[in-house]
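1. sequence and predicted model, in that order:
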Amino acid sequence: MTGDKKLPRTAVLRINKCLRNESDTLDLSHVPLETVPEQLRELTGLRELRLHLTGIPEPLGDLTTLTHLRLDGKLTGLPGWLGDLTTLTELRLDGNRLIEIPDWLGNLTALTHLQLSKNRLTRLPDSIGDLTALTRLYAWNNQLTGLPDSLGNLTALNDLGLDDNRLTKIPDSLGNLTALTRLTLRTNRLTEAPECLGNLSALYLLALSANELTSLPDSLGNLTGLKYLYLRHNRLTDLPEWLGDLTALEQLDVSGHRPPPTVPDSLRRLARTSSRWRRFLATLN
């Protein structure tokens, strides 16, 4: 195979090696490319591909066996042909300049891992609710102001990361995500946590730090399997008594409140007999 003059030598060497070894993995993430190399069309057995692109990519041809695809760089848009890669189980689009995700995303129903973080997204498409096999969804460090109700269809989801956005409200449909074990909503603009979060009985980590919460719903007292609860830098005026019912808690951070929230007598009594609760309440100071 002869190398394309426009293609960096490093990329040519890696593609040649991949062909020679009949490898199913190719990593060009450290080689900035303007377009998809023509030579990739010969790698018909490729399963994992990582590309660093500076322009909207051309079709990948007959790479119908791809299961893992990462595209990063400075992409501002995505081509429709990506929606034809229905064998994908992992799609990583983090670290680009995307302002929207097209509706064709819903075609990728085999996806279990979707990474959309570090872009400029203001919304997620309704079609994301068609990705019912998803177990991990990350969209932190965007500009999301709301979430589609269809997110509640993702009942296989166990890890949802939405930190560093502009969310002011969480849809009640999130209460359907009963397989969720991790939910992170740090650094948003939430003024209240919805009652529906109390339905997420599998949660072991809930991060609500750096929002504008003044209170917490009583339904969170149902999350008896919770091990990590992060509430720092909100506007809580009182700590709820139900915190004492969360017997699995290993970490509770309520620091950064000025003035500190009022501690109920029931929690003060716990602190007198439990070093764990003394440690929890010490974060108030």
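-> Good, I have the coordinates.

2. just the strands from this structure, written as ranges.
-> Assigned by DSSP state E, the chain shows strands spanning 25-33, 48-53, 68-73, 90-92, 113-115, 136-138, 159-161, 182-184, 205-207, 228-230, 251-253.

3. can you lay out those as TSV showing distance to S215?
-> All C-beta atoms are positioned from the backbone trio N, CA, C, and that covers glycine. Listed next are those as TSV, based on distance: least, Cβ to Cβ, whole Å:
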stretch	distance to S215
strand 25-33	45
strand 48-53	45
strand 68-73	40
strand 90-92	37
strand 113-115	33
strand 136-138	28
strand 159-161	23
strand 182-184	18
strand 205-207	15
strand 228-230	15
strand 251-253	16
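
4. I'd like these as JSON lines, with mean neighbour count appended.
-> Output for the strands of the chain, formatted as JSON lines (neighbours: other Cβ atoms under 10 Å):
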{"stretch": "strand 25-33", "mean neighbour count": "16"}
{"stretch": "strand 48-53", "mean neighbour count": "20"}
{"stretch": "strand 68-73", "mean neighbour count": "20"}
{"stretch": "strand 90-92", "mean neighbour count": "19"}
{"stretch": "strand 113-115", "mean neighbour count": "21"}
{"stretch": "strand 136-138", "mean neighbour count": "20"}
{"stretch": "strand 159-161", "mean neighbour count": "20"}
{"stretch": "strand 182-184", "mean neighbour count": "20"}
{"stretch": "strand 205-207", "mean neighbour count": "19"}
{"stretch": "strand 228-230", "mean neighbour count": "20"}
{"stretch": "strand 251-253", "mean neighbour count": "17"}
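
5. where does pLDDT dip in the stretch 151-285 of the chain?
-> Across the stretch 151-285 of the chain, nothing is flagged by pLDDT under 70.

6. let's see 90
-> Residue ranges of the stretch 151-285 of the chain with pLDDT under 90: 258, 283-285.

7. picking that back up, tell me which of the strands of the chain sits nearest to A193.
-> strand 205-207 (8.9 Å; Cβ to Cβ).

8. so what strands line up beside that closest one?
-> Applying DSSP bridges, strand 205-207 is found paired with strand 182-184 (parallel), strand 228-230 (parallel).

9. let me have those strands in JSON lines, extended by distance to L174.
-> Converted to JSON lines, the strands paired with strand 205-207 look like this (distance: least, Cβ to Cβ, whole Å):
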{"stretch": "strand 182-184", "distance to L174": "8"}
{"stretch": "strand 228-230", "distance to L174": "17"}
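
10. nearest to T122, of these?
-> Judging these by Cβ to Cβ, what sits closest to T122 is strand 182-184, at 19.5 Å.

11. show me the contact partners of the closest one.
-> Strand 182-184 is touched from outside by 140, 158-163, 197, 200, 203-207, with contacts defined as Cβ atoms under 8 Å, 6 or more residues apart in numbering.

12. can you redo those as a markdown table with distance to L131?
-> Formatted as a markdown table, the contacts of strand 182-184 follow (distance: Cβ to Cβ, whole Å):
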| residue | distance to L131 |
| --- | --- |
| W140 | 18 |
| N158 | 14 |
| D159 | 14 |
| L160 | 12 |
| G161 | 15 |
| L162 | 16 |
| D163 | 20 |
| L197 | 22 |
| L200 | 19 |
| L203 | 21 |
| Y204 | 23 |
| L205 | 22 |
| L206 | 23 |
| A207 | 23 |
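
13. let me know the closest of those to L216.
-> Of the contacts of strand 182-184, the one sitting nearest to L216 (Cβ to Cβ) turns out to be L197, at 9.2 Å.

14. hang on, Q115 packs against N96?
-> No - contact between Q115 and N96 fails when scored by Cβ atoms under 8 Å: they sit 10.7 Å apart.

15. ok, I99 to Q143 distance?
-> 9 Å (Cβ to Cβ, to the nearest Å).

16. what about T10, how many residues nearby?
-> Using other Cβ atoms under 10 Å, T10 is surrounded by 11 other residues.

17. for it, what are its contacts?
-> Contacts of T10 by Cβ under 8 Å, 6+ apart are 30-31.

18. burial count for L40?
-> Counted with other Cβ under 10 Å, L40 comes out at 21.

19. quick check: it touching I15?
-> Yes - applying Cβ under 8 Å, one finds L40 in contact with I15, separated by 6.9 Å.
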